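Trainee: I'd like to go over a predicted model; first the sequence, then the structure.
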Amino acid sequence: QVLLVESGGGVVQAGGSLRLSCVYSGRPFSRISMGWFRQGPGKEREFVAAVSWSSGRTYYSDSVKGRFAISRDGVKKTAFLQMSSLQAEDTAVYYCASTPLIGERLSSRASYDHWGQGTQVTVSS
């Protein structure tokens, strides 16, 4: 059984930083790509970032490129999302997700088969 548990959300002032963590358990983590999505108030869930298990290549949405960084630790079976220069528009519930797929498909919600429960990030202006 696959389980994803996020942590690290909270309230931060605009311009500040937060690091989200997502601990994975279940299948061998070495062949699992990880992604982060977010859902703001009244909005649909959107892609934020992903990292491929095969090459370590990372993918970002245009809205976070240069401010956020995704990484993974194979020993800890954990994915991280380092968020910097946070803006009010980044306020959302952030979800991590896992998939055995790789490549450009990682930006699509449909590519993921397991999701965490979400963690709230609130940026105050």
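Mentor: Perfect, I can see it now.
Trainee: Nearest to the spatial middle of this protein, which residue is it?
Mentor: Nearest residue to the geometric centre of the chain (CA atoms, centre = their mean): W36, 2.1 Å.
Trainee: Look up how far S30 lies from the closest residue to that one other than its chain neighbours.
Mentor: Leaving out its chain neighbours, the residue that sits closest to W36 by CB to CB, 6 or more residues apart in numbering is V48, at 4.3 Å. Yep, even glycine has a C-beta here, placed from its N, CA and C like the rest. Separation of V48 from S30 (CB to CB, to the nearest Å): 23 Å.
Trainee: Tell me which of these two has more neighbours.
Mentor: Taking other CB atoms under 10 Å, V48 and S30 do not tie; V48 has more neighbours (25 against 9).
Trainee: related to what we said a few turns ago, what helix or strand is the residue nearest to W36 on?
Mentor: Using DSSP states H and E, V48 sits in strand 46-51.
Trainee: Also V5?
Mentor: Applying DSSP H and E as the criterion places V5 in strand 3-7.
Trainee: Rounded mean pLDDT for that strand, please.
Mentor: If you average the pLDDT over strand 3-7, you get 97.
Trainee: sorry, back to before: pretty sure the residue nearest to W36 sits against L81.
Mentor: Yes. Counting by CB atoms under 8 Å, L81 is a contact partner of V48 at 7.1 Å.
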